[in-house]
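Undergrad: need a 3D model of the sequence below.
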Amino acid sequence: MKIKIFYDEIAYRLKDSRNCLKLIEKVIRSEKKIPGDLSFIITTDDTLIDINREFLDHDYFTDVLAFSNNDNKIVNGEVYISLNTVRKNANNYKVSLRNEMIRVMIHGTLHILGYKDNSRKEKDVMRKEEDKWINRANKTIYGF
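TA: Got it, this is the predicted structure:
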């Protein structure tokens, strides 16, 4: 199992990333899956829009893109995160950058696990899962 965070062209570093990665592992195991190779690449808006255009044929900014390469029960993939957009969202939602970054990492992981957010119902299910894991992180791992 190798769950890692990579930082591409940015100075930001997620505080206490080790505990965050443990949380991601718990999210995966809660779905009766086995963590495999999962990479979080935190980068810029420019990089994410290039990936969005090239691989998904979408011409808009987003906070997260997830690409799954699962092998049966083993969870593998790449989650690309735009620091610029996550920072804007943190300001809009009046939460810390760290909290929003963790939410987006959970969101990307849920996509890799097969969760969708195309319809209102799917978005509600996804948000409920995100909230559950954010609350768990805030109470147990991060102590607030």
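Undergrad: hey, let's count contacts and neighbours off CA atoms from now on
TA: OK.
Undergrad: ok, residue 67 to residue 55 distance?
TA: For residue 67, the distance to residue 55 equals 10 Å [C-alpha to C-alpha, to the nearest Å].
Undergrad: those two: who's more crowded?
TA: The neighbour comparison of residue 67 against residue 55 (other C-alpha atoms under 10 Å) goes to residue 67, with 17 against 10.
Undergrad: intersection of neighbour lists for residue 67 and residue 55?
TA: Overlap of the contact sets of residue 67 and residue 55 (by C-alpha atoms under 8 Å, 6 or more residues apart in numbering) is empty.
Undergrad: tell me the mean pLDDT over whatever helix or strand residue 106 lives in?
TA: Using DSSP states H and E, residue 106 falls within helix 97-112. Averaged across helix 97-112, pLDDT comes to 96.
Undergrad: how about the residue positioned nearest the centre of the chain, what does it touch?
TA: In the chain, the residue lying closest to the centroid (C-alpha atoms, centre = their mean) is residue 105, at 1.9 Å. Residue 105 makes contact with 24, 40, 79, 81, according to C-alpha under 8 Å, 6+ apart.
Undergrad: OK, contacts around the second one?
TA: Residue 40 is in contact with 3-6, 78-81, 105, counting by C-alpha under 8 Å, 6+ apart.
Undergrad: which among those count as buried?
TA: Buried subset of those (neighbour count, 16 or more other C-alpha atoms under 10 Å): 3, 5, 78-81, 105.
Undergrad: show me the shaky parts of the chain.
TA: 1, 140-144 (pLDDT under 70).
Undergrad: make it 90
TA: For the chain, applying pLDDT under 90 flags the ranges 1, 15-16, 55-61, 136-144.
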